[in-house]
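> no sequence for this one, just the structure:
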C-alpha cells in the first residue's frame, strides 16, 4: 500500500509495521486534523510492538498486538477491559481507539518517569506504589480470572516444546510452587482486581501520582499476588517489604507475611519460566530497556527463587501461608 505523507516513521520502524500502522490510523480516522504524525518505537512491551505517535504538541501510544500473544498467557480482550476499568479509577491511561478483532489500541501518553528499583528507592516511592495498588484493588473489573500457576504451566510448556534444558533445581522448585497452589486454593485468601505484572517499568510517575500501564496479565486473583510481584521486582529489602505490607494492612500478621513470601517465590518462578521461554522467540524483536535483558530477568528471578527455597524455614513459612485472619486485606 502507499503510505500517506502525513505519517513520518523513524527509520528503525520496519516497513511492514509502517504499513500496518498507516492502515490502522486511516481506518480509525484518528485525529484527521493532524497534518503530520511522527512515529517512533517506545521502549518495552516484550509481547507487543509499542510506538509513540506525536505532533509538535501532543503524544499518544499505539500498541500493536503480536498475532501469537496468547501463547504468552495474555488475553487481549480482557486486558483492554482491565485498562478501561483502571483508567476510570484514575490510575491508567485512557483508551482512545481499539481494533475490534485484532485488539490493537491507542491510548493517552503519560508524561513522566518510568520507575526502576533504584529510582523508586532513592525517591521514596514505595509508599506510592502501595497507594496505587490499594486504589486498583479497591476497584471492580469485568476482566478475566487469573492464575499465577497457570502462567507457570503455560511458560514451561513452551520451554519443553522448544527442547530447552531446565536450569539446575528448577523442577524441584516447580513442584514446591504447585504444592503452595494447592494449599492456597482451599483457603479464603482475599481476591479482586489485580494487575499481575508489576515490574517497575509498568509504573509511570506523573505530576498527579503513579499510574499503571500494560494490563496484559490483569485479572481477578489474590491481592497478595500483586504485592508479591511488586516487592520482588522492585528488589525490596526485608525492611522495605515489611514497611509496605504494614501500609497496605496495618494489622499485618504472620499468615500474611508467609503468604507474601510463598507467592513471591512462585512469582519468581513465573518470571524466570517466561524469560526462558521468551528469549529465543523474541530476543532482538522488541525494543527493551537499556538496563534490562531476558537473560538478566531469568537469572535474577531464578536466584531469588533459589534463595527462598534454600532457606531452612521455607517449608515452615509455606505451611503458614494458608492461614487467613478474619478481615485480612490480603
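Perfect, I can see it now. Everything numeric here is computed off the predicted structure, so don't read it as measured data.
> what does the one helix or strand residue 299 maps to contact?
Assessed by DSSP states H and E, residue 299 sits inside helix 294-310. With Cβ atoms under 8 Å, 6 or more residues apart in numbering as the test, helix 294-310 has contacts from 167, 169-170, 172-173, 176, 232, 261, 264-265, 268-269, 271-272, 275-276, 278-279, 282-283, 314. Placement of C-beta: from N, CA and C, glycine included.
> which parts of stretch 131-144 are buried?
Buried residues in stretch 131-144, defined by neighbour count with 16 or more other Cβ atoms under 10 Å: 131-133, 135-137, 139, 141, 143-144.
> next one: it to chain centre, how far?
Put simply, stretch 131-144 sits 14 Å off its chain's centre (Cα atoms, centre = their mean, to the nearest Å).
> what's the span of it from first residue to last?
End-to-end distance for stretch 131-144, by Cα to Cα, to the nearest Å: 23 Å.
> quick one: mean pLDDT over it.
Across stretch 131-144, the average pLDDT comes to 98.
> list of residues touching that stretch?
The contact list for stretch 131-144 (Cβ under 8 Å, 6+ apart) reads 75, 78-79, 81-82, 85-86, 88-91, 192-195, 198, 203, 209-212, 215, 218-220, 223, 226-227, 230, 247-248.
> ok, 7 Å please
Residues outside stretch 131-144 that contact it (Cβ atoms under 7 Å, 6 or more residues apart in numbering): 75, 78, 81-82, 85-86, 89, 91, 192-195, 210, 212, 218-220, 223, 226, 230, 248.
> in strands only, show me those.
Among those, the residues falling in strands (DSSP state E) are 192-194, 210, 212, 219-220.
> now the two most distant members of the residues you listed.
Pairwise distances across these (Cβ to Cβ) peak at 21.8 Å, for the pair 210 and 220.
> how about the lengthiest helix in the chain: buried residues?
Criterion DSSP state H: the longest helix present in the chain is helix 254-282. Buried residues in helix 254-282, counted by 16+ other Cβ under 10 Å: 255-279.
> one more: stretch 168-185?
Buried, per 16+ other Cβ under 10 Å, within stretch 168-185: 170, 173-174, 176-177, 180-181, 184.
> any chance of those residues in TSV, with pLDDT and distance to residue 325 too?
Output for these, formatted as TSV (pLDDT from 0 to 100; distance: Cβ to Cβ, whole Å):
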residue	pLDDT	distance to residue 325
170	97	33
173	98	28
174	98	29
176	98	24
177	98	24
180	98	19
181	98	21
184	98	15
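> now, those that are in strands?
Going by DSSP E, the strands hold none of the buried residues of stretch 168-185.
> of the residues you listed, closest to residue 318?
The nearest one, if we look at these relative to residue 318 and count by Cβ to Cβ, is residue 180, at 5.6 Å.
> quick check, central residue of this structure?
Closest residue to the average C-alpha location of the chain: residue 197 at 2.2 Å, with Cα atoms, centre = their mean.
> show me what contacts that residue?
Contact analysis of residue 197 by Cβ under 7 Å, 6+ apart lists 214, 216-217.
> neighbour-wise, which one of those leads?
With neighbours defined as other Cβ atoms under 10 Å, the most crowded of the contacts of residue 197 is residue 217; it has 28 neighbours.
> report the contact partners of it.
Applying Cβ under 7 Å, 6+ apart, we find residue 217 in contact with 73-74, 146, 196-197.
> go again with 10 Å.
Counting by Cβ atoms under 10 Å, 6 or more residues apart in numbering, residue 217 touches 47, 72-75, 78-79, 82, 144, 146, 148, 151, 194-198, 202, 225, 229, 270, 274.
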